[in-house]
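Asker: build me a model from this:
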Amino acid sequence: MHFKINDFSYNDSNGQVTKGQEKIQLTKIQKKLFDYFLAHPKTTLSKQTLMDEVWGRTVTENSIEKTLSKLRNVIETDPLNPEILITHFGHGISFEGIVKKVACQQSTDESKNKLIKPNKQRNKHLFYVFLLVVIVLMVWKFYPSSHTQTMATKQSQSLKNKQKLIILPMTFDEITQNIDDKRGLFEYLKTFFTSLDNEGRVLFDENSRNSKDAMEKLWQIDQDLVMMQTDVVKNGEVYDAVIEFSKGMNTLKTVKISAPSLDKLAQAQVNVVAQFHGEKQTIRNTAVNNNYLKALALVNKQAYQSAKDLLITLLKKDDKDYQARFLLSNVYYKQKEYEISLVQLKTLKQTPYYIDHSAEIELLIADNLLAQNKAKEIISQLTEYLSRYVEIGNVKKSRVMIKLAFAHKTVGNNIDALTLFKQSVLNIDDKLYPGLYAESLKGQAQIQSLNSIDKDVYAIFDKALDYSRQAGDLTQQAKILDSMSYLLMHNNNWEKGLKLKKESLALVELTGDKQAVAGGLVVLADYLLNRGLFGECRAVLNQLKKIADELNDDSLRLAYNHFNISLEMNYFRHDYCQAEIDKQFKLAKDNNNLSYELNTIFLQMELLLARKDTLTFFSRWKELNKFFEKSDLARYKIYMDNYLARYYNEISESQKAIDLIANISEIAKETKDYRFFVYAQSTLAQVYMKSDPEKALETLLNLEQYNPNPNPHLELKAIALNLLGRKVEALALLTEAKQVFNEAWKAENQALLDKLSTH
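Answerer: Numbering: from 1, shown residues only. The predicted structure is shown next:
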């Protein structure tokens, strides 16, 4: 039957709404709900009644609200001020539309004409029917949505070919489907469209619960944005999905797709987005299967080994499953198997997959090289890529330039790095891509902080943090807070620096990435140890050990052992520390972990000096110093030379110590290792303290221009001032130093403080 309702017509036999020349198809649940309202006009119906009578099962209140909202978008002139479906807060909803039944009959003449059509014309019609059936069967067979796809007539507002599309999280109403499969489906869309060079036309909003939330947030940014919301319902063995494209409160287009499995549903969604943008043909490489979706979900929840096993199985069946190979290379990278990851990526560079995914492949290659401290190779690789692929989109180019800038910064090419960071976002919309702006500004601030630590640098960091919050990227926010924390602490603003570091770690914990949490705990333990906050450091180390055991990660155990030994050394548990150092040497060698092998050597030197074991020190130093004869480790030899200078000072061979430190300091300045330069010069001040306290004080005062030390040698300056007879100044500095050192405050310093306090 046909109805005239307010300013539109409605056919209850097929659920079609007609507004002027526009025809809009209601979904199955929308039709059922609207028909129920029509049958109960002027009656306030509670949501419980609607749930019982329309859905016939328990659904969430949000599901009812969402269906009502979408129905209002179709039937109301102004959905924000409805005149047909009226909400009575606390009671329910009533149908208040003006309804008239409309007769729909063909004229007698037309009926007669249909009855007396000649056989020839009927045969002609039969031919067209046959042809139509053939076409339908061909579409059925070849169309990737597997079953059917119908499109509602477009509303009057047309879609632009280059329209920016925001894809919202999908809803799976009343489906008892594994949550990993759902997550894998959304991750597939993200992976597919962010890797394609689509000029940033497809964006993703993971934080909005529905189109209303997204509209309130995103439409204010750009009113030309279109949002895509997908509602999926499982009917038996078939997944039925309604995809709605909307701009503001207006529904532009509704697409219905059906598929027998999630992988086919994913393929159909890709094609719908392609058609939305006016693609003449289906985008390349849309093939996907359920196991790949499961692998994506496993990677998303950091179950890397399970994901790797699944992907290797997929590639054994089909070695041309390029997207599986790319995901596998990412898994190898996550598991720190960098060379294997690079092999996979270099293989992909020789395949058709590289045509559409070149930037993603090059960026992952760069990540692998960066993890191996091969920044110079990244510079060569990405510079050559940008020169060959000048036509890549602005968003891709921005990401590549940021990575290239970071590589330049790593090798000390700060002028080139700063230029690249600034250029990377010149053609990028900061409202749509705040994350790129955050990354660019963070890099700029880090470089500028090398020359000046003023309020302008902190302002750039704050701006980067603001963009990162707009992007909703917790990991990026944590990294920016880390950079600010590092700068503050090395500018002797420890209180605020530690506060930001803890805020950063709290954000990382929210991501659920235990590896990243462990990395943050390592840095925090280092800061707390240097600050002398041993109680807090112990709590952090216990948390680190727990994660190391949960992940069965020897590299994290090495980190825990390193700081645990350093901590216990402050409690003079020397025998325990020596036993732990011996274990640490073995664990580092067994894991081929060069970094912690070096750290353990340095711990051994520290322990021998702490024990004042001058009889054993030199022979052990000579033995371990051979380790640094390898060409790639020669730069670390100055660390060993500084330990030797401290030994010479301990045995009162001052001139040997002074000569050695002069050489160490020169090398440190040449390599711009200013932190170690300060460390060496503080050793020199301690050597001078015995014979020339004036020179010791002068040496310490000269270090203030470098400012990289968390403790600006307050106790050493106080000792020098005391030796020079400047008691009042010495007392003031020692009092301040006690606050700085906390639990690391030495007994001899306290003795001097007590002595000065009594005078």
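Asker: next structured bit after the helix or strand bottoming out on mean pLDDT in the chain?
Answerer: Lowest on mean pLDDT, DSSP states H and E among the helices and strands of the chain sits strand 149-151, with a mean of 36. Downstream of strand 149-151, the next assigned helix or strand under DSSP states H and E is strand 165-167.
Asker: tell me the helix or strand right after the one helix or strand Lys583 maps to.
Answerer: Element membership for Lys583 (DSSP H and E) is helix 574-590. As assigned by DSSP H and E, the chain's next helix or strand after helix 574-590 is helix 594-610.
Asker: any buried residues in that next one, and which?
Answerer: 596-609 (16 or more other Cβ atoms under 10 Å). Where C-beta positions appear, they are placed from N, C-alpha and C, glycine not excepted.
Asker: what angle sits between whichever helix or strand comes after it and helix 574-590?
Answerer: Beyond helix 594-610 in the direction of the C-terminus, DSSP H and E gives the next helix or strand as helix 614-625. Calculated by axes from the mean of the first three to the mean of the last three Cα atoms, to 10 degrees, helix 614-625 forms an angle of 10 degrees with helix 574-590.
Asker: list the contacts of helix 614-625.
Answerer: Ile601, Gln604, Met605, Leu608, Leu609, Lys637, Met640, Tyr643, Leu644, Tyr647, Glu650, Ile651 (Cβ atoms under 8 Å, 6 or more residues apart in numbering).
Asker: circling back to that earlier point, which of the buried residues of helix 594-610 lies closest to Gly92?
Answerer: Gly92 has its nearest neighbour among the buried residues of helix 594-610 in Tyr596, at 66.5 Å by Cβ to Cβ.
Asker: I'd say that closest one and Ala588 touch.
Answerer: Yes - applying Cβ atoms under 8 Å as the test, Tyr596 and Ala588 come out as touching, 4.3 Å apart.
Asker: list residues touching both of the two?
Answerer: Leu558.
Asker: what about stretch 305-317, average pLDDT?
Answerer: Averaging pLDDT along stretch 305-317 yields 92.
Asker: what's the answer for stretch 67-85, then?
Answerer: On average, stretch 67-85 scores 83.
Asker: also stretch 435-450?
Answerer: 92.
Asker: buried sites along that stretch?
Answerer: Those would be 435-449, for stretch 435-450 by 16+ other Cβ under 10 Å.
Asker: mind listing what's buried in stretch 495-510?
Answerer: Quick answer for stretch 495-510 (16+ other Cβ under 10 Å): Gly497, Leu498, Leu500, Lys501, Lys502, Ser504, Leu505, Leu507, Val508, Glu509.
Asker: residue nearest the centroid of the protein?
Answerer: Closest residue to the average C-alpha location of the chain: Thr475 at 4.9 Å, with Cα atoms, centre = their mean.
Asker: how near is it to Lys672?
Answerer: 29 Å (Cβ to Cβ, to the nearest Å).
Asker: how about His408?
Answerer: His408 is 15 Å from Lys672, where distance means Cβ to Cβ.
Asker: what about those two, which has more around it?
Answerer: His408 (25 against 10; other Cβ atoms under 10 Å).
Asker: what are the phi and psi values for the more buried one?
Answerer: phi -60, psi -40 (degrees, to the nearest 10).
Asker: now do the contacts for Ile565.
Answerer: Cys577, Glu580, Ile581, Gln584, Leu603, Leu607.
Asker: stretch 373-392: how far from the chain's middle?
Answerer: Taking Cα atoms, centre = their mean, to the nearest Å, one finds the center of stretch 373-392 at 23 Å from the center of the full chain.
Asker: mind listing what's buried in it?
Answerer: Across stretch 373-392, burial judged by 16+ other Cβ under 10 Å covers Lys374, Ala375, Glu377, Ile378, Ile379, Gln381, Leu382, Tyr385, Leu386, Ile392.
Asker: list just the nearest of those residues to Lys695.
Answerer: Ala375 (39.9 Å).
Asker: distance-wise, check the closest one relative to Leu189.
Answerer: Ala375 is 33 Å from Leu189, by Cβ to Cβ.
Asker: now swap in Leu734 and tell me
Answerer: Relative to Leu189, and taking Cβ to Cβ, Leu734 is found at 63 Å.
Asker: same check, this time on Leu567
Answerer: Counting by Cβ to Cβ, the gap from Leu567 to Leu189 is 48 Å.
Asker: show me the shaky parts of the stretch 501-650 of the chain.
Answerer: The stretch 501-650 of the chain contains residues with pLDDT under 70 at 631.
Asker: if we go to 50?
Answerer: Counting by pLDDT under 50, the stretch 501-650 of the chain shows no low-confidence range.
Asker: could I get the full set of strands for this protein?
Answerer: Taking DSSP state E, the strands of the chain run over residues 2-5, 8-11, 16-19, 22-25, 85-88, 92-95, 99-102, 149-151, 165-167, 171-172, 202-204, 226-235, 238-247, 250-259.
Asker: can you flag the weakest of these by average pLDDT?
Answerer: strand 149-151 (a mean of 36).
Asker: from what I can see Gln470 touches Tyr433, true?
Answerer: No - in this structure, Gln470 is not within contact of Tyr433 by Cβ under 8 Å, at 9.8 Å.
Asker: which one's more surrounded, those two?
Answerer: Tyr433 (21 against 17).
Asker: mind checking how far that one is from Gly443?
Answerer: Taking Cβ to Cβ, one finds Tyr433 at 15 Å from Gly443.
Asker: just to revisit the earlier point, closest one to Ile312 among the strands of the chain?
Answerer: Across the strands of the chain, Ile312 has its closest neighbour in strand 250-259 (26.9 Å, Cβ to Cβ).
Asker: list the buried residues in that closest one.
Answerer: Neighbour-count burial for strand 250-259 [16+ other Cβ under 10 Å]: Thr251, Leu252, Lys253, Thr254, Val255, Lys256, Ile257, Ser258, Ala259.
Asker: direction included, what does that strand pair up with?
Answerer: Partner strands and pairing direction for strand 250-259 (DSSP bridges) are strand 149-151 (antiparallel), strand 238-247 (antiparallel).
Asker: restrict it to CA atoms and write it as PDB.
Answerer: Provided in PDB are the C-alpha atoms of strand 250-259 (Å, rounded to 0.1, in the frame of the first residue of the first chain):
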ATOM      1  CA  ASN A 250      22.400  14.100   5.300                       C
ATOM      2  CA  THR A 251      22.600  10.600   3.900                       C
ATOM      3  CA  LEU A 252      24.200  10.800   0.500                       C
ATOM      4  CA  LYS A 253      24.200   7.200  -0.400                       C
ATOM      5  CA  THR A 254      23.300   3.800   1.000                       C
ATOM      6  CA  VAL A 255      24.900   0.500  -0.200                       C
ATOM      7  CA  LYS A 256      23.800  -3.000   0.700                       C
ATOM      8  CA  ILE A 257      26.200  -5.800   0.400                       C
ATOM      9  CA  SER A 258      26.100  -9.500   1.300                       C
ATOM     10  CA  ALA A 259      28.800 -12.100   1.600                       C
END
